[in-house]
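A.B. asks: Here is my input, please return the structure:
(one chain, ligands or ions: 1)
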Amino acid sequence: MSVLPDLAAIEALDAADPLRSFRNRFVLPEGVIYLDGNSLGAASSSALAELEQAARQEWSQGLIRSWNKAGWFDLGLKLGDRIARLIGAAHGQTVVGDTTSTNIYKALHAALALRPDRKVIVAESGSFPTDLYMAEGVVATRAGTSLKLEGVDAASIEELIDESVAVVLVNHVNYKSGALRDMAALTKRIHDAGAIAVWDLCHSVGALPVELDAAQVDFAVGCTYKYLNGGPGAPAFIYAAHRHHNHIQQPLSGWWSHARPFAMETTYAGAEGISRFQCGTQPILSLRALKGALDDWDDVDMQALREKSLALTDLFIALVEARCGAYGVSLETTRERERRGSQVSFAHENAYEVMQALIERGVIGDFRAPSTLRFGFTPLYTSYRNVWDAVIILEDILSSGIWKEPRFAVRTTVT
Ligand SMILES: *Cc1c(COP(=O)(O)O)cnc(C)c1O
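C.D. replies: Below is the predicted model:
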């Protein structure tokens with residue numbers, strides 16, 4: 001952005017925003033500029049209405065009958081198909097359930113089972129830590145397997161991919177820097193070496209268009225409580241390409257993944273299709289909130305979403321650099337639009353304190369150790385004016401030095 005916009009230009013951008021009306025669907029507190037929807041999405045009226053209906057009618061009145069009558073049993077499969085459009089997946093390949101961490105465990109095991117002669121898992125040292133912890137857990141259960149990391153065993157992930165590699169686990173958008181990987185190109189590189197590609201979509205689903213089928217991805221996992229707004233702890237999803245369905249072996253072979261769960265058979269027989277990735281009984285109230293949240297997504301044009309996301313992040317970068325550049329902030333997110341997710345990170349030596357001061361002033365972003373100020377831009381409920389106002393408050397906090405007050409240095413558990 002060469003010329004910085006003024007307030008009139010900002011208001012014109014909001015007036016012309018095709019996604020403007022979505023803001024009214026969300027319940028957000030007065031006086032808050034919420035730039036953390038990449039960590040916990042906002043509540044929408046339809047998510048809350050579904051939750052209320054599920055609790056007061058289906059549970060309270062329907063009781064056990066609701067497993068059939070309210071469609072509780074198939075909910076994970078139905079919601080998987082609702083997410084499918086957002087991740088470029090044909091129906092029947094996605095199921096909602098369990099956590100992203102658990103789903104990574106299942107996907108890595110399934111991938112290793114598809115490549116029995118290979119023993120290496122490749123991942124990124126800069127990946128969201130749970131991905132690495134789960135990969136370590138997988139390695140611990142399979143003799144001879146090992147984990148190789150980009151940033152430790154080689155500088156780039158491409159250098160690690162060879163004929164010894166069974167599976168590559170990658171984050172589509174990096175949780176900290178916001179860097180976006182080229183999914184199609186990297187998946188092709190992985191396949192050229194005969195390996196399996198597992199993509200973690202936690203920071204891309206609902207943030208930008210994702211095309212799993214077109215990129216011929218093997219497996220993918222993702223969160224629903226971030227950009228999808230499913231609510232705190234809403235279950236995750238897992239995708240498996242159709243071509244693998246007859247060969248899926250996953251270690252968490254609970255009764256929900258059985259071909260005939262209510263036959264109560266003594267031995268295991270895996271279900272056909274994506275059901276085989278289920279495990280046990282799911283948190284139905286959370287799934288119902290997610291169902292409401294996904295109703296909001298049905299009308300969203302993903303290209304318009306991406307354009308607004310990039311416009312918001314471009315604007316934030318330009319304004320912060322112009323107004324706050326003198327106060328020790330430096331950009332950690334790429335300026336290259338094609339390689340950027342929907343968040344912007346700035347490093348600051350006292351990032352923790354600065355973020356606490358921002359939150360006290362109603363600008364909610366988050367802090368990632370050791371020195372990252374992270375701001376997520378959710379196009380459905382963030383306006384250009386929000387960006388403008390947030391930067392004015394950040395400038396005030398940095399120029400006044402108010403963040404140095406001791407109360408901002410008190411550490412909490414969740415940052
Ligand atoms: C948020 C996030 C997770 C979270 O996993 P949970 O099991 O839901 O706690 C995993 N991977 C990535 C890349 C994330 O951003």
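A.B. asks: Would you mind confirming that residue 199 makes contact with residue 170?
C.D. replies: Yes. Counting by CB atoms under 8 Å, residue 199 does reach residue 170; the two are 5.9 Å apart. (Each C-beta comes from the backbone N, C-alpha and C, glycine too.)
A.B. asks: Determine how far the helix or strand of the chain with the lowest mean pLDDT lies from the middle of the whole chain.
C.D. replies: Every helix and strand of the chain was ranked by mean pLDDT, DSSP states H and E. The lowest is strand 366-368, at a mean of 95. Between the centre of strand 366-368 and the centre of its chain there are 16 Å (CA atoms, centre = their mean, to the nearest Å).
A.B. asks: Quick check: mean pLDDT of whatever helix or strand comes next after it?
C.D. replies: Counting by DSSP states H and E, the element after strand 366-368 in chain order, helix or strand, is strand 372-376. Across strand 372-376, pLDDT averages out at 97.
A.B. asks: Direction included, what does strand 372-376 pair up with?
C.D. replies: Strand 372-376 pairs in its sheet with strand 343-347 (antiparallel), strand 366-368 (antiparallel), by DSSP bridges.
A.B. asks: Please work out the average pLDDT along the helix or strand following the first one.
C.D. replies: Per DSSP H and E, strand 343-347 leads on to helix 351-360 as the next helix or strand towards the C-terminus. Rounded to a whole number, the mean pLDDT of helix 351-360 is 97.
A.B. asks: Quick one: list the elements packing against helix 351-360.
C.D. replies: Counting contacts by 3 or more CB pairs under 8 Å, 6 or more residues apart in numbering; DSSP states H and E, helix 351-360 packs against strand 366-368, strand 372-376, helix 384-400.
A.B. asks: List the contacts of the helix or strand following that helix.
C.D. replies: Next along the chain after helix 351-360, taking DSSP H and E as the criterion, comes strand 363-364. By CB atoms under 8 Å, 6 or more residues apart in numbering, the residues outside strand 363-364 that reach it are 32, 33, 34, 35, 36, 358, 389, 390, 393, 394.
A.B. asks: thinking again about what came up before, and the strands paired with strand 372-376, which is most packed in?
C.D. replies: Per residue and on average, the most neighbours among the strands paired with strand 372-376 fall to strand 343-347, with a mean of 24 (mean count of other CB atoms under 10 Å).
A.B. asks: what angle do that one and helix 351-360 make?
C.D. replies: Orientation of strand 343-347 against helix 351-360 (axes from the mean of the first three to the mean of the last three CA atoms, to 10 degrees) gives an angle of 130 degrees.
A.B. asks: what's the domain layout of this protein?
C.D. replies: With domains defined by automatic domain parsing, the chain comprises 7-30+301-409, 49-295.
A.B. asks: Tabulate the ones you listed (JSON lines), appending distance to residue 43.
C.D. replies: Output for the domains of the chain, formatted as JSON lines (distance: least, CB to CB, whole Å):
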{"stretch": "domain 7-30+301-409", "distance to residue 43": "5"}
{"stretch": "domain 49-295", "distance to residue 43": "7"}
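A.B. asks: JSON lines for the strands paired with strand 372-376, including distance to the ligand?
C.D. replies: Shown next, in JSON lines, are those (distance: least, CB to the nearest ligand atom, whole Å):
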{"stretch": "strand 343-347", "distance to the ligand": "11"}
{"stretch": "strand 366-368", "distance to the ligand": "11"}
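A.B. asks: Can you say which of these is nearest to residue 126?
C.D. replies: Of all the strands paired with strand 372-376, strand 366-368 sits nearest to residue 126, with 11.3 Å by CB to CB.
A.B. asks: near the ligand, which residues of the stretch 51-200 of the chain?
C.D. replies: By CB under 6 Å from any ligand atom, the part of the stretch 51-200 of the chain that sits against the ligand consists of 99, 100, 101, 128, 130, 131, 171, 175, 200.
A.B. asks: Let me have those residues in CSV, adding distance to residue 110 and secondary structure as columns.
C.D. replies: Below are those laid out as CSV (distance: CB to CB, whole Å; DSSP: H, G, I helix; E, B strand; the rest coil):
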residue, distance to residue 110, secondary structure
99, 16, coil
100, 15, helix
101, 15, helix
128, 20, coil
130, 18, helix
131, 15, helix
171, 19, strand
175, 24, coil
200, 15, strand
